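Participant: Pasting the sequence and the predicted model now:
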Amino acid sequence: MTSTKREVEVSYDVSNEFFRLWLDERMHYTCGVFERDTDTLEQAQVNKSRILYDYAECSPDKTVLDIGCGWGANLEYMVHRGVKAAHGITLSSAQFEEINARNIPNLRAWCTDYKDFEPAEKYDALVSIEMIDHLCSPEQANQGKAIDIYREYFRKTAQWVKPGACFGFQAILRNRVPRTRADIADLKFTADVIFPGGLNPRLEELVAAVNPYWEIVTLETRRTHYGKTTAEWLRRMRQHEAHIRATYGDQIFDEYDRYLSTCVRAFANHWSSDVQMKLRHIDV
């Protein structure tokens, strides 16, 4: 990935217990899908995993790889719903430790860069949730390299699957640029301090980059859902403010409060969005 292991660990290795305080019970760190007004964050994350399981056309007789699998929440969902085997890759040592600690049956994970991963056998299905945001740096995007970088990702993943395989894919998107210096500074802070080395793609870049390896079968944007997700993360984190300040320090709380507050505004103001796609491998 463009994001180095050190940069990824800045983003995800603060402490597993820190993230456990304010994420949902299974620790999904991606956009949930609120299908009903009464959905909790926990239910929204189950909805998200169900949609991607269906997009990937998973079933009890199929093997599936989750690319950028986080702490294993989506892998856990797929195993419990039914797959022959679930594999995952992450570049975060803390996430890898959490996955192994969960002792999920029929699951194997690797702590590695996706560029270095070579599966022993081809998969029946793929899932990836907001991992592609780590592939292209702002500097590379400014040099016009984004689509080529994303296309290489889709080319490589296409080599990992059997003919006719489907891919449940999700990504954060960047849309409009804010109009004030303060808002631009908050977005830059989020990119530089919380998620160094990465950049959210634009939707049109992804649509161009899947070709000629994958066909887009279904595309659904989830901007308002990510707004609700990040607002709930912020609410839960603030409930633990005293504990976080005492345990992890004022700087961690202040940085994550600024980051999550910025996310809520970004989705409300169309600076950012999120997309889910069902992709099917082009076999010809």
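Facilitator: Ah, there it is. Numbers count the residues shown, from 1 in each chain.
Participant: separation between Thr247 and Trp110?
Facilitator: 30 Å (C-beta to C-beta, to the nearest Å). Just so you know, the C-beta spots here come from the backbone N, C-alpha and C atoms, and that holds for glycine as well.
Participant: what's the answer for Thr262, then?
Facilitator: To Trp110, Thr262 is 32 Å away according to C-beta to C-beta.
Participant: and the helix or strand harbouring Tyr53, what other elements does it pack with?
Facilitator: Assessed by DSSP states H and E, Tyr53 sits inside helix 41-55. If you count contacts as 3 or more C-beta pairs under 8 Å, 6 or more residues apart in numbering; DSSP states H and E, helix 41-55 packs onto helix 73-81, strand 123-129, strand 161-174, helix 223-239, strand 272-281.
Participant: List of residues touching the fourth one?
Facilitator: Read it as helix 223-239. Contact with helix 223-239 is made by 21-23, 31-34, 41, 44, 172, 244, 253, 256-257, 260-261, 263-264, 267-268, 270, 272-274, as judged by C-beta atoms under 8 Å, 6 or more residues apart in numbering.
Participant: Apply the buried test to those and list what passes.
Facilitator: Among the contacts of helix 223-239, the ones that count as buried by 16 or more other C-beta atoms under 10 Å are 22-23, 31-34, 41, 44, 172, 244, 253, 256, 260-261, 263-264, 267, 272-274.
Participant: Distance from the chain centre to the helix or strand where Lys188 lies, please.
Facilitator: In the assignment (DSSP H and E), Lys188 maps to helix 181-189. With C-alpha atoms, centre = their mean, to the nearest Å as the basis, helix 181-189 stands 22 Å off its chain's centre.
Participant: what comes up buried for it?
Facilitator: Across helix 181-189, burial judged by 16+ other C-beta under 10 Å covers Asp183, Asp186, Leu187.
Participant: which helices and strands does the helix or strand following that helix pack with?
Facilitator: Following helix 181-189 in sequence order, the next helix or strand is helix 203-209 (DSSP H and E). The helices and strands touching helix 203-209, judged by 3+ C-beta pairs under 8 Å, 6+ apart, are helix 146-158, strand 272-281.
Participant: centre of the chain versus helix 203-209, how much separation?
Facilitator: With C-alpha atoms, centre = their mean, you get 17 Å for helix 203-209.
Participant: The residue lying closest to Met27 once chain neighbours are set aside - how many residues pack around it?
Facilitator: Nearest residue to Met27, sequence neighbours excluded (C-beta to C-beta, 6 or more residues apart in numbering): Trp71, at 4.3 Å. Each residue near Trp71 was counted by other C-beta atoms under 10 Å, and the total is 27.
Participant: Glu98 is in contact with Trp71, correct?
Facilitator: Yes. The criterion here is C-beta atoms under 8 Å, and Trp71 meets it with Glu98 at 4.4 Å.
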